[in-house]
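[1] Quick one, what's the 3D model for this:
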Amino acid sequence: MRAVVVRSHGGPEVLVAEELDRPEPGPGTVLVDVAAAGVNYIDTYHRTGAYPIPLPFTLGLEGAGTVAALGEGVTEFAVGDKVAWASAIGSYAQQVVAPASALVPVPSTVDLETAAGAMLQGMTAHYLTASTHPVAVGEVALVHAAAGGMGLLLTQLIKARGGRVIGTVSTEEKEKLAREAGADEVIRYTEQDVAERVRALTDGVGVHVVYDGVGKDTFDASLSSLRPRGLLALYGAASGAVPAFDPQRLNAGGSLFITRPSLGHYTATREELLWRAGEVFEAISAGSLNIAIGGRYTLADARKAHEDLQGRKTTGKLLLTTN
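    Numbering: from 1, shown residues only. Model prediction:
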């Protein structure tokens, strides 16, 4: 089988598609024929070694496909079942061995490419809007990178809960995408001061919550956009890690809250994983949640996918297809 292997940490140039032996499932695991793998920012952290994994390894955490073989003790799935996952290392490959506990069934109403694009970002958007800060009717949220894969999902889920969305984007094309997803207001951060514009759009009060996956470049604007007792959900660091800051700044801003959540802590039990994935798939099936596939790449083009993702040249979700 072909797989994208990382043999040394570094930039996108270290991503090479190689021929490897077919893996075999062990106890409690499942061999899956991968239809598509999701490309996510966390993959770049694994590639560079910021989140270290012993070398060499096959990259990728997210995907969807068809069960090809079962390991000892697996009873929840059968060969031929359609499954998806958000946390099985080695997913940039034609086949992956995944823990059965990490897999969720894909309903017949959802195709495998959509399922592959929905798991990590879809469940992240779900926990952020339903659990980290359960958006209430009438609340105002600031969504950074509103035309990206996460931004489009957050916007749709916030609107479905009755919230108001202020999104940030860099171009006219991305503004159009954000508005199509439901954003009520869009700020071009390349042309406007984000915090000042947020204040103008909220009668000087600020927003209830900021969903920030950018990190270093947006952190100051995020805190300055919050109303008293508002929450900054810092779920990523696409622009780099946030520098150390004095917690007294939270007091000065109005007894603010900040959290650095991750999907693993919001899918820590089998029950919670199935609940979140189930609600995401139900919304897709009902037509109330659209997974916008912004780019499809072959395994051989994984380097290009990472270059485009980190170059902010993309919108929506990026996939690696295995055919």
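[2] in the stretch 101-250 of the chain, which spans are strands?
    Along the stretch 101-250 of the chain, the segments classed as strands by DSSP state E, counting those that start in this stretch run 104-105, 140-143, 164-169, 185-188, 207-212, 226-234.
[3] The longest one pairs with which strands, and in what direction?
    Spelled out, it's strand 226-234. Strand 226-234 sits in its sheet next to strand 207-212 (parallel), strand 257-259 (parallel), going by DSSP bridges.
[4] returning to what we had before: between the strands of the stretch 101-250 of the chain, which one is closest to residue 299.
    Smallest distance to residue 299 across the strands of the stretch 101-250 of the chain (CB to CB): 23.4 Å, for strand 104-105. Any C-beta I mention is one placed from the backbone N, CA and C, and that applies to glycine too.
[5] Kindly report the domain assignment for this protein.
    With domains defined by automatic domain parsing, the chain comprises 2-119+271-321, 137-260.
[6] Mind putting those domains into CSV with distance to residue 129?
    Shown next, in CSV, are these (distance: least, CB to CB, whole Å):
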stretch, distance to residue 129
domain 2-119+271-321, 11
domain 137-260, 4
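[7] I'd like those domains laid out as a markdown table, including mean pLDDT, mean neighbour count and distance to residue 130.
    Shown next, in a markdown table, are those (pLDDT from 0 to 100; neighbours: other CB atoms under 10 Å; distance: least, CB to CB, whole Å):
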| stretch | mean pLDDT | mean neighbour count | distance to residue 130 |
| --- | --- | --- | --- |
| domain 2-119+271-321 | 96 | 19 | 8 |
| domain 137-260 | 96 | 20 | 8 |
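[8] So for residue 127, which of those domains sits nearest?
    With CB to CB as the measure, domain 2-119+271-321 is the member of those nearest residue 127 (6.5 Å).
[9] re the thing from before, including distance to residue 34, could the strands paired with strand 226-234 go into CSV?
    CSV is the format used below for these (distance: least, CB to CB, whole Å):
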stretch, distance to residue 34
strand 207-212, 30
strand 257-259, 33
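[10] Which of the three states applies to residue 271?
    helix (DSSP: H, G, I helix; E, B strand; the rest coil).
[11] Take stretch 91-109, keep the C-alpha atoms, and write them as PDB.
    Extracted C-alpha coordinates of stretch 91-109, given in PDB (Å, rounded to 0.1, in the frame of the first residue of the first chain):
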ATOM      1  CA  SER A  91      -4.300   7.900   8.100                       C
ATOM      2  CA  TYR A  92      -2.400   9.400   5.100                       C
ATOM      3  CA  ALA A  93      -2.400   5.900   3.600                       C
ATOM      4  CA  GLN A  94      -4.400   3.500   1.500                       C
ATOM      5  CA  GLN A  95      -4.900   1.400   4.600                       C
ATOM      6  CA  VAL A  96      -4.800   2.100   8.300                       C
ATOM      7  CA  VAL A  97      -5.000   0.000  11.500                       C
ATOM      8  CA  ALA A  98      -7.200   1.900  13.900                       C
ATOM      9  CA  PRO A  99      -8.400   1.100  17.400                       C
ATOM     10  CA  ALA A 100     -12.100   0.000  17.200                       C
ATOM     11  CA  SER A 101     -12.800   2.400  20.000                       C
ATOM     12  CA  ALA A 102     -11.800   5.300  17.800                       C
ATOM     13  CA  LEU A 103     -14.100   4.400  14.900                       C
ATOM     14  CA  VAL A 104     -17.700   5.600  14.400                       C
ATOM     15  CA  PRO A 105     -20.200   4.200  11.900                       C
ATOM     16  CA  VAL A 106     -21.000   6.300   8.900                       C
ATOM     17  CA  PRO A 107     -24.700   6.500   8.000                       C
ATOM     18  CA  SER A 108     -25.800   5.600   4.500                       C
ATOM     19  CA  THR A 109     -26.900   9.200   4.000                       C
END
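[12] Remind me what the strand ranked longest in the chain packs against, helices and strands.
    Using DSSP state E, we find that the single longest strand of the chain is strand 29-39. Packing contacts for strand 29-39, counted by 3 or more CB pairs under 8 Å, 6 or more residues apart in numbering; DSSP states H and E, involve strand 62-70, strand 95-99, helix 112-127, helix 302-310, strand 317-321.
[13] TSV please, covering these and showing distance to residue 247.
    TSV is the format used below for the helices and strands packed on strand 29-39 (distance: least, CB to CB, whole Å):
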stretch	distance to residue 247
strand 62-70	34
strand 95-99	38
helix 112-127	24
helix 302-310	31
strand 317-321	35
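[14] So which residues of the stretch 151-300 of the chain form helices?
    172-181, 194-201, 219-224, 248-252, 263-266, 270-286 (DSSP state H, counting those that start in this stretch).
[15] May I see those helices organised as TSV, with distance to residue 19 added?
    Putting the helices of the stretch 151-300 of the chain into TSV (distance: least, CB to CB, whole Å) gives the following:
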stretch	distance to residue 19
helix 172-181	38
helix 194-201	47
helix 219-224	43
helix 248-252	52
helix 263-266	31
helix 270-286	32
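[16] so which of these comes closest to residue 98?
    In terms of CB to CB, the element of those nearest to residue 98 is helix 270-286, at 12.7 Å.
[17] And for the closest one, what's in contact with it?
    Here helix 270-286 makes contact (CB atoms under 8 Å, 6 or more residues apart in numbering) with 84, 101-102, 104, 106-107, 109-110, 114-115, 118-119, 122-123, 126-127, 130, 157, 160, 266-267, 289-291.
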